[in-house]
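[1] need a structure here:
(chains A, B, C, D, E and F)
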Number of protein chains: 4
Amino acid sequence: MVAHAAPVAGPDDDSAKRRQIIKGARTVFLEQGFDGASMGEIARSAGVSKGTLYVYFADKNSLFCEIMEQESLAQGMSAIEFAPTLDVETSLKAFGAAYIKLLCDPRGTSAIRTVMAIAERMPEVGRHYYERVIANSLGKFTRYLEQQVQAGTLQIEDCHLAASQFTKLCQATLFLPFIFQVTDAPSSERIAEVVDSATQMFLATYRTRPHD
Amino acid sequence: MVAHAAPVAGPDDDSAKRRQIIKGARTVFLEQGFDGASMGEIARSAGVSKGTLYVYFADKNSLFCEIMEQESLAQGMSAIEFAPTLDVETSLKAFGAAYIKLLCDPRGTSAIRTVMAIAERMPEVGRHYYERVIANSLGKFTRYLEQQVQAGTLQIEDCHLAASQFTKLCQATLFLPFIFQVTDAPSSERIAEVVDSATQMFLATYRTRPHD
Amino acid sequence: MVAHAAPVAGPDDDSAKRRQIIKGARTVFLEQGFDGASMGEIARSAGVSKGTLYVYFADKNSLFCEIMEQESLAQGMSAIEFAPTLDVETSLKAFGAAYIKLLCDPRGTSAIRTVMAIAERMPEVGRHYYERVIANSLGKFTRYLEQQVQAGTLQIEDCHLAASQFTKLCQATLFLPFIFQVTDAPSSERIAEVVDSATQMFLATYRTRPHD
Amino acid sequence: MVAHAAPVAGPDDDSAKRRQIIKGARTVFLEQGFDGASMGEIARSAGVSKGTLYVYFADKNSLFCEIMEQESLAQGMSAIEFAPTLDVETSLKAFGAAYIKLLCDPRGTSAIRTVMAIAERMPEVGRHYYERVIANSLGKFTRYLEQQVQAGTLQIEDCHLAASQFTKLCQATLFLPFIFQVTDAPSSERIAEVVDSATQMFLATYRTRPHD
DNA sequence: CATGAATGAGGATTCATTCAT
DNA sequence: CATGAATGAATCCTCATTCAT
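    Next up is the predicted model:
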């Protein structure tokens, strides 16, 4: 039944057709949301027939989940690294800027919006996304803060809270206007300003005081 | 649209029927999202016939937009008042807690999710919501901060940024897990903790120092 | 909500539209079978839109079951009466002829076929039909035989079996060729011949012998 | 249809592949009916690819017809033999029991239901089945009766009718409840009872009387 | 103005069939 | 010849919208 170590052309997890479908579906889903996207339009966008969609994915839900999974990986979030040799302030600023750049990337934002939208009806999708993307990057940052606490650079009781606070501070005036389509993605300069302010606030609270 | 100069309560902007429809539609839209809500269910929820819906609203979109408009008013956000006589710390804590309570209101998934969901396909709805609800409450808070700056209690360069920072700090670990369905709405205790921490951070940065 | 003792026009159990749909559906279902019939064709045959079908019936299944219910009543089976004053032989012949006429009516036969076809996948439909049509008419005949036994005219141990045997004998060479589309419905003469033979066989076995 | 005078076993009427397909298709068709069976499932059941199905059969209809043709042969009906040396009563009972067993075979809903189901839409299938299976086995039985008439054992005018009557009598209370899914397949004991009764009736009518 | 029956376009999904390999 | 990926027509069903009453 198995043909001479087949050259992988069928509905495998990584065939070209499958990738092609995912690409098309990604476009449509992120543009129109789950309900707004029709399988017909996805098929057209992917350049395959409607039937082919169902050769590779059981149904619309499965296809959507797959996209969102990939999205979470695609999100460079987890790629943000902390150089332990740099001083804290520089590290924070670098992280903050990178973080906001990712968050306000018009490509990724659609995903956030789409996931938020569907989270009520498909809670697993919401949870998955949160855990893979948000909790993951937050965890990395939390561990960095813990190292700094151990090193005596920072004085923090709840590092998870502190990490969360910093990322929130960096969003400040940037994220909501962007996600609600009021403004375009913020410029690097604007990001730098807000992140600087966030860093100051953060350090004003958590930097170890000389004789505290 | 109004026929024969009808003397009775017609499809005016404020007839009882209209309010009744809006109430029913609000429930359904916030519970199910835009696509999940059907005009039939809205009619049932409002206790009117499907046809009547179209007497008062041109189509589903219009009805939805109207709800979202009203949402800005309905949202108690703008109702949050700042008592100028209270000390800053108490005011901040009260505002922060009220703000998070509204944001993480478990009833109807909170309007914010519904709006975010549709913002891609109906950008004006997103914009409107941002401006009416978010910008509005933020503006109020900003003006309060400006008053405090003038009063010498706080030392802030960019009050809009500071206002934004505070609201973000209050969200910290609370909002995202909630909106992504990872946790239930936060308890009052948890809110108090996070808001306390936010207030400390805020004041550590912006409180006027004795000899600064 | 109730309008002045409404003149019954809506999706009631007996509106004209509903009857219209049933009529159209009946035609298509009996002609094409359950799977062969499409809701589109039923709508066309009934002269209504596809959507209207779903105003009156939850789904294809419900519509089909309704038809089959009606079919069982439509079947005059239960209308066959036994005149207790007539002699047994005449009664048997009359009943037998009427029974075969009904069984080999091109209109009713489609129903039998359609029900048999679907009985595997929708056993309730099969059961219902059997009980309403077959068991019902058989029961009536069984009771007639029991009366004759009590009257001393017939000598039967198992009247239900005997009743069944007689109806089967009447079918003899008539029913199967007809239901398998090999021949048209049998003529009255042919029916009379077969029913006569059946009656003779039946009486040869079950008629009370003078000194038995 | 045959390419390049293929030397190997091609789509002949009797290649192993062909038989394999028919076996798989038979299972699925008899289990699910014509419309319920999908070519995909048939391919799976036969252990071949969907494409191969079309190498051996023009389309679903052809495959189905072929199965039904074969069914006539597969059906052991024609295998029922009459031992001329046995006495009539024993022969009738043996034949009757075998006949009912075939008719009420619980495996695969019995072919008869499947054929009846499709007879409206595919009359030739119905006709074929009747002629090959029913008429055939009935013909054999008819000829047996004719032999007995010639031998003086039985006294029958219309042997075809008599044959038909006997098979019908044997069905009595057994067949319809089974085919309409009201009861399971009858037990051997129940079959024996009904067949005994049928035999008695048959002989009461057709056995040669000493001085008639 | 209020109704709700009727509509028909559109959605997700299935499946017989084809065809390049 | 055998395969199974690809197709697209067809299916059931939903729902926003209209309109006669």
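[2] The helix or strand of chain A with the lowest mean pLDDT close to chain B?
    Sorting the helices and strands of chain A by mean pLDDT, DSSP states H and E puts helix A:106-118 at the bottom, at a mean of 78. Yes - Helix A:106-118 reaches chain B (Cβ under 8 Å from any Cβ of the partner chain) through A:110, A:113-118. For glycine as for every other residue, the C-beta is placed from the backbone atoms N, C-alpha and C.
[3] What's the first helix or strand after that helix?
    helix A:123-129 (DSSP states H and E).
[4] So which elements touch the next helix or strand after that following helix?
    Sequence-wise, the next helix or strand downstream of helix A:123-129 (DSSP H and E) is helix A:136-150. The contact analysis (3 or more Cβ pairs under 8 Å, 6 or more residues apart in numbering or on different chains; DSSP states H and E) places helix A:136-150 against helix A:88-103, helix A:159-171.
[5] Quick check: which of those is buried the most?
    Mean neighbours per residue, mean count of other Cβ atoms under 10 Å in any protein chain shown, is largest over those for helix A:159-171, with a mean of 24.
[6] how about the CA coordinates for the following helix or strand past it, as CSV?
    Downstream of helix A:159-171, the next assigned helix or strand under DSSP H and E is helix A:175-179. The C-alpha coordinates for helix A:175-179 follow below in CSV (Å, rounded to 0.1, in the frame of the first residue of the first chain):
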residue,chain,number,x,y,z
PHE,A,175,-1.7,50.1,21.5
LEU,A,176,-5.4,50.9,21.9
PRO,A,177,-5.6,53.7,19.3
PHE,A,178,-3.8,51.3,17.0
ILE,A,179,-5.9,48.3,17.6
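[7] Can you list the helices and strands that helix A:175-179 packs against?
    Applying 3+ Cβ pairs under 8 Å, 6+ apart, one finds that helix A:175-179 makes contact with helix A:106-118.
[8] if we can go back for a sec, out of the helices and strands packed on helix A:136-150, point me to the one whose mean pLDDT is lowest.
    Comparing mean pLDDT over these, the weakest stretch is helix A:88-103, at a mean of 89.
[9] what's the domain layout of chain A?
    The record assigns chain A these domain ranges, following automatic domain parsing: A:16-69, A:75-206.
[10] Take those domains and lay them out in JSON lines including distance to residue B:91.
    Formatted as JSON lines, those follow (distance: least, Cβ to Cβ, whole Å):
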{"stretch": "domain A:16-69", "distance to residue B:91": "39"}
{"stretch": "domain A:75-206", "distance to residue B:91": "19"}
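[11] Residue of chain A closest to DNA strand F, please.
    residue A:51 (1.9 Å; Cβ to the nearest atom of the strand).
[12] Residue A:43 versus that residue, what's the distance?
    Going from residue A:51 to residue A:43 by Cβ to Cβ, to the nearest Å gives 8 Å.
[13] Between the two, which has more neighbouring residues?
    Comparing residue A:51 with residue A:43 by other Cβ atoms under 10 Å in any protein chain shown, the one with more neighbours is residue A:43, at 20 against 8.
[14] how much space between the closest residue to that one other than its chain neighbours and DNA strand E?
    Leaving aside its sequence neighbours, residue A:43 sits nearest to residue A:50 (Cβ to Cβ, 6 or more residues apart in numbering or on different chains; 4.5 Å). According to Cβ to the nearest atom of the strand, to the nearest Å, residue A:50 stands 5 Å off from DNA strand E.
[15] Give the full set of residues in contact with residue A:50.
    Applying Cβ atoms under 8 Å, 6 or more residues apart in numbering or on different chains, we find residue A:50 in contact with A:39-40, A:43.
[16] Also residue A:176?
    Counting by Cβ under 8 Å, 6+ apart, residue A:176 has contacts A:182, B:130, B:134.
[17] for residue A:157, helix, strand, or coil?
    Taking DSSP: H, G, I helix; E, B strand; the rest coil as the rule, one finds residue A:157 in the coil state.
[18] Check the domains of chain A for me: which has the lowest mean pLDDT.
    For the domains of chain A, mean pLDDT drops lowest on domain A:75-206, to a mean of 86.
[19] Could you give me the buried positions within the least confident helix or strand of chain A?
    Using 16 or more other Cβ atoms under 10 Å in any protein chain shown as the test for burial, helix A:106-118 gives A:108-118.
[20] Got the phi and psi for residue A:57?
    When read as degrees, to the nearest 10, the backbone of residue A:57 gives phi -140, psi 140.
[21] correct me, but it touches residue A:21?
    Yes - assessed by Cβ atoms under 8 Å, residue A:57 is found in contact with residue A:21 at 7.3 Å.
[22] Fine, thanks again, bye for now.
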